[in-house]
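*Asks:* Using only what follows, build the 3D model:
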Amino acid sequence: MKKLILGTAALALTAGLAMAGSHGKTVRMGTEGAYAPWNFVNDAGEIDGFERELGDELCKRAELKCEWVKNDWDSIIPNLVSGNYDTIIAGMSITDERDEVIDFTQPYTPPDPSAYAALDAGLDVEGAVIAAQAATIQASFIAEKGWTLIEFATPEETVAAVRNGEADAVLADQSFLDTVVGQDGLVLLERTESIGGGVGMGLRESDGELRAMFDAAIQSMKDDGSLNALIAKWEVASQW
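*Replies:* As a prediction, this is how the structure comes out:
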């Protein structure tokens, strides 16, 4: 995948120059708003969750103004490319396939284990019908294994498919499934999968300066421990 090939000093200088020319600029942050605890819509109708808090802090450190935009997952990359917003911050794993279309910042979380939720704790997933959200690393994983896959547009629909018997299990980020297991008999299976290369912000390939600004802000949160504190607060992934 493409990486920003700059030394630490050069990165800091580049980010500083970008900040100087973009002080107070409004950046539209695109997210799904349907993948708790990463991002969701709260009772007040506002985007909430780990990535809302993270994104606001990153914008503060980069001296930018955040404006949040909710977008369905299946069109989240096309609408970034077409200019409907400036970033994707939506629990998106960094993959080579996606990196051919857009650019990514450095990851702000390590890979989250992918887990299975089912109604039968002894289910053999290799011979089962597995639900996954379309255009995710989990859907690609199941397809590559040659297992029976049913894709759905939203995370909620994948869980509903298991509850109503349309699928035997759902494969998703464990942090998401932790919010639904224990309801209606759903249990986590012992088997997990290690997929993806961590989660990062997506940006248009033409927005190198903006990417450098967010890279510097993410690194500063890693360096002072605040990113680990936020990960622990929302329980979205392992810490750095």
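*Asks:* buried ones in the lengthiest helix in the chain?
*Replies:* If you go by DSSP state H, the chain has its longest helix at helix 208-224. For helix 208-224, the neighbour count (16 or more other CB atoms under 10 Å) marks 210-221 as buried. To be clear about C-beta, it is placed using only N, CA and C from the backbone, and glycine gets the same treatment.
*Asks:* can you list the domain ranges for this protein.
*Replies:* 8-110+197-234, 114-193 (automatic domain parsing).
*Asks:* Show me where the protein dips below the pLDDT cut-off.
*Replies:* 1-23 (pLDDT under 70).
*Asks:* rewinding a little: nearest to Asn42 among the buried residues of helix 208-224?
*Replies:* For the buried residues of helix 208-224, the closest approach to Asn42 (CB to CB) belongs to Met221, at 22.9 Å.
*Asks:* where exactly do the helices run in this structure?
*Replies:* Using DSSP H, helices in the chain cover 8-22, 50-61, 76-81, 96-99, 137-145, 155-163, 174-177, 208-224, 226-234.
*Asks:* how far away is the closest residue in space to Ser220 that isn't next to it in sequence from Phe40?
*Replies:* Distances taken as CB to CB, 6 or more residues apart in numbering place Arg61 nearest to Ser220, at 5.9 Å, with adjacent residues excluded. Remark: distance between Arg61 and Phe40 (CB to CB, to the nearest Å) = 24 Å.
*Asks:* In stretch 83-94, which residues are buried?
*Replies:* 85-94.
*Asks:* now, which of those sits nearest Gln174?
*Replies:* Distances from Gln174 to the buried residues of stretch 83-94, taken by CB to CB, are shortest for Gly91, at 12.1 Å.
*Asks:* Find the residue closest to that closest one in space, skipping its chain neighbours.
*Replies:* Trp38 (3.9 Å).
*Asks:* how many neighbours does the one you found have?
*Replies:* For Trp38, the count of nearby residues is 28 (other CB atoms under 10 Å).
*Asks:* Please consider this matter closed, and thank you.
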